[in-house]
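Engineer: Pasted the sequence and its predicted model underneath.
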Amino acid sequence: MADEQKPSDKPKEAPSGGGVATPKKEQEVKQSHTGTATASVAETKHAVDEAQRMAKGLCLAERCKDGAIQYRFCSKHFEAFQLGLMTKHGVPAKDYEHKLRTLLRKNKIKAA
């Protein structure tokens, strides 16, 4: 039993070379080949703007100056949110054009 070694409290280090490189803090912000910031920086700016608008009690929709009434939206933008034309963050949905055409088509059928 004298030959047995006590387990070390230190975690074992991964072998160097041939492993997957881990990104550095400076490299975590993705940039396109032209050097302009991509979505991660834009998302950060939007999150800050959203927090400021919520603190002031304004509608979350972009460029809207009305006060928030329901779910952080004014009455006009809340209706668009209910119809799926706007995300919960106040930006238009990715398939905004398609949803709008579908809604207009449904409303035309109901009116006839």
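Structural biologist: Perfect, thanks for sending it. Residues are numbered from 1 along each chain as shown.
Engineer: any chance you could map the helices in the protein?
Structural biologist: 39-56, 75-82, 96-111 (DSSP state H).
Engineer: what about Lys56, how many neighbours?
Structural biologist: 9 (other CB atoms under 10 Å). C-beta: built from backbone N, CA, C; applies to glycine.
Engineer: Lys88 versus that one, what's the distance?
Structural biologist: Relative to Lys88, Lys56 is positioned 18 Å away (CB to CB, to the nearest Å).
Engineer: Over to Ala61?
Structural biologist: 11 Å.
Engineer: So between those two, which is more surrounded?
Structural biologist: Using other CB under 10 Å, the more surrounded residue of Ala61 and Lys88 is Ala61, with 23 against 11.
Engineer: Distance-wise, check the residue nearest to that one when sequence neighbours are not counted relative to Lys88.
Structural biologist: Of all residues not flanking Ala61 in the chain, His77 sits nearest, at 4.2 Å (CB to CB, 6 or more residues apart in numbering). From His77 over to Lys88 the distance is 11 Å, taken as CB to CB.
Engineer: Please apply the same query to Glu79.
Structural biologist: 14 Å.
Engineer: now Asp66
Structural biologist: Asp66 is 17 Å from Lys88, by CB to CB.
Engineer: Listing request: residues of the protein with sub-threshold pLDDT.
Structural biologist: 1-39, 42, 112 (pLDDT under 70).
Engineer: Kindly recompute the last result at 80.
Structural biologist: 1-48, 110-112 (pLDDT under 80).
Engineer: Buried residues, stretch 97-112. List them.
Structural biologist: Buried positions in stretch 97-112, judged by neighbour count with 16 or more other CB atoms under 10 Å: 99-100.
Engineer: Show me the contact partners of it.
Structural biologist: Residues outside stretch 97-112 that contact it (CB atoms under 8 Å, 6 or more residues apart in numbering): 83-85, 93.
Engineer: ok, of those, which come out buried?
Structural biologist: For the contacts of stretch 97-112, buried by 16+ other CB under 10 Å: 85, 93.
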